[in-house]
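>>> this one's sequence-less:
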């Protein structure tokens, strides 16, 4: 054998050895999806500097995010605050382009840890133009349908993912104990058991935990699901007089049995994150409550996901706001908050926390716990394998299937409180074929009022131009017979009503949109000119009043003049669901998710309280059958007893004759 072939073989062996060594150097366990998540978390943590760890604990608003910031600070998360969008009427593609740009900055950092993008999707993908807007939680609580909540969660996840977003600040599992609270519509019910049942929205958002997986560990089932966030921990719905961000005065047993119960359900269902409340418990700010966050949530309930602050939540630990910020950072991180929502002033937080760790005030173990939890969620949801969004789901945004689901939710959420001035002459269902009807009220043709707060912008909007949907007026026009004349007058005077020979009227009134503290109310009155419209219309013609509100409002003074009364809550974009029930295509099935008071002087008043004397109790709701059910029942009754067929048919024939002659509208309203 010659020397040349031998040297060639040696050279080849050396090259292969160096290639193998290079591959071994490049291989990292945290990048390997075949490795257990715990191994990947530990491997990545061991490689991170303090600065990179603290960066992962930061969430900033999209308005201050850019490629350089994401790369330089290893920012862990970006969010859209209420109404914070790439541009007006941004498309799904616009959202994806923006988010992927931020993500490219994260992937360009030393360890290429992807960021997670969060948004408030509290009744559908509510910040986004053309998205399906579902009823707010109070309406879903009226359905008593956990499976419906699950399906809404799944639809919301698809629409959120359609825009490239992986994380939603939902659901709110507060137990609202006082309707004066401006966030009461974000609560499913005053009854914690109903709230617990509706946590079924979590597996809808995140996916079902596989049978062989550990319970109470965060789970997100792939690219069509999102990480969920149960909020606001804990007791936010029980503040004194319903004042937002105020103090919840209750003993530990009461806190556990009423306000904590749904968190246990959420954790068992694999919720990924939990947001801390602005409120206090017996005078102690929740953002600084180590006993409840670390002691109870993490240690007793064994929550393994990450705990996130609310928007500038650390600033609110002190009074005045943001005074002694270094103390607030220390108090919050020691309490157990893992990710901090510092939308704008992130450099101050990073500097303060870095100094607190380097000076041994906050131990590195606490930082590792926080970052480990954040990485656990990111690994679990497959973010390292699929950090960039594509356009494959863009058609899910506002899809007809999701709008049909929202319409179903609307009709199931309606609560019929009154139907006829006496039990023998119900007004609903309304007849589709009459000569002329009146539609009135400020909420009859206003999509913004129909959706409420947290819609397109933080505080909501007024009018029909900010997104796509169906108003109550639209729905009525598309439901009645083509021969029926529909007259719309937002605020008719009494003479107009008396002189127009209407067969009946539909009046839609209620509250204007609000969120958080702007919705706190001591009077709970309907917006003007609602009472005047009810008076002018209902004293002259048979009327059904539809209340569009986030909570019970004062209605008793007007009740005697109203023929039929429907609580429609804040139904969202699909107003056709209201017409479905009014005209009898579907029966009324909803039940009150909360007590309807007589006067505000009774508040707070919840089911089971001493001297419980409501106008309508928790769980109240009149039932109606659909037209098809009524006809089928009448027909089957006739078939079952042929000798009595004539007795059944004669009243029906008389009713038809009277209807043709403009007689009693109620008798044949369902024919």
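In hand now; what should we look at? Because the structure is predicted, anything quoted here is derived from the model rather than measured. Numbering: from 1, shown residues only.

>>> are we agreed that residue 601 is in a helix?
Yes - under DSSP: H, G, I helix; E, B strand; the rest coil, residue 601 sits within a helix.

>>> so where do the strands sit in the stretch 151-300 of the chain?
Ranges of strands in the stretch 151-300 of the chain, per DSSP state E, counting those that start in this stretch, are 167-168, 229-233, 247-248, 273-276, 280-281, 284-285.

>>> pLDDT on the fourth one, on average?
Think strand 273-276. Strand 273-276 comes out with an average pLDDT of 99.

>>> follow-up on the earlier one: nearest to residue 511, out of the strands of the stretch 151-300 of the chain?
When the strands of the stretch 151-300 of the chain are compared by CB to CB, strand 229-233 sits nearest residue 511, at 21.9 Å. (Glycine included, C-beta is placed from N, CA and C.)

>>> CSV for the strands of the stretch 151-300 of the chain, including mean neighbour count and distance to residue 621?
Output for these, formatted as CSV (neighbours: other CB atoms under 10 Å; distance: least, CB to CB, whole Å):
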stretch, mean neighbour count, distance to residue 621
strand 167-168, 26, 30
strand 229-233, 26, 28
strand 247-248, 20, 29
strand 273-276, 26, 32
strand 280-281, 23, 33
strand 284-285, 19, 39
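
>>> so what pLDDT did residue 105 get?
98.

>>> that one reaches residue 71, doesn't it?
Yes - between residue 105 and residue 71 there is a contact at 4.6 Å, judged by CB atoms under 8 Å.

>>> which stretches in the stretch 451-600 of the chain count as strands?
485-489, 504-510, 543-548, 564-569.

>>> so which of these is nearest residue 234?
The nearest among those, by CB to CB, is strand 564-569 at 24.6 Å.

>>> residue 105 and residue 71: who's more crowded?
More neighbours surround residue 105 than the other of residue 105 and residue 71, with 21 against 17 (other CB atoms under 10 Å).

>>> hang on, the earlier thing: now the strands of the stretch 451-600 of the chain as TSV including mean pLDDT and mean neighbour count?
Below are the strands of the stretch 451-600 of the chain laid out as TSV (pLDDT from 0 to 100; neighbours: other CB atoms under 10 Å):
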stretch	mean pLDDT	mean neighbour count
strand 485-489	98	15
strand 504-510	99	26
strand 543-548	98	26
strand 564-569	98	26
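
>>> which of the ones you listed sits closest to residue 579?
Across the strands of the stretch 451-600 of the chain, closest to residue 579 is strand 504-510 (CB to CB), at 9.0 Å.

>>> who does the residue lying closest to residue 231 once chain neighbours are set aside bridge with?
Using CB to CB, 6 or more residues apart in numbering and skipping the chain neighbours, the partner closest in space to residue 231 is residue 275 (3.7 Å). Bridge pairing for residue 275 (DSSP bridges) gives the partners residue 231, residue 308.

>>> residue contacts, residue 275?
169, 229, 230, 231, 232, 233, 307, 308, 309, 310 (CB atoms under 8 Å, 6 or more residues apart in numbering).

>>> could these go into TSV alongside pLDDT and distance to residue 516?
TSV is the format used below for those (pLDDT from 0 to 100; distance: CB to CB, whole Å):
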residue	pLDDT	distance to residue 516
169	98	13
229	99	17
230	99	18
231	98	13
232	98	11
233	98	17
307	99	21
308	99	17
309	98	16
310	98	10
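
>>> which one of those sits closest to residue 365?
residue 307 (16.0 Å).

>>> OK, contacts around the closest one?
233, 273-276, 293, 297-298, 336-339, 373.

>>> got a list of what residue 247 touches?
Neighbours of residue 247 in contact, by CB under 8 Å, 6+ apart: 239, 240, 279, 280, 281, 282, 283.

>>> what sits against the first one?
Under the criterion of CB under 8 Å, 6+ apart, the contact partners of residue 239 comprise 178, 181, 245, 246, 247, 248, 279.

>>> switch to 10 Å and redo it
When contacts are counted by CB atoms under 10 Å, 6 or more residues apart in numbering, residue 239 touches 176-178, 180-181, 183, 245-249, 277-281, 520.

>>> just the buried ones out of those residues, please.
176-178, 180-181, 183, 245-248, 277-281, 520 (16 or more other CB atoms under 10 Å).

>>> measure the residue nearest to residue 164 when sequence neighbours are not counted to residue 105 for me?
Setting aside the residues directly before and after it, residue 164 is nearest to residue 389 in space (CB to CB, 6+ apart), at 3.2 Å. Residue 389 sits 15 Å away from residue 105, going by CB to CB, to the nearest Å.
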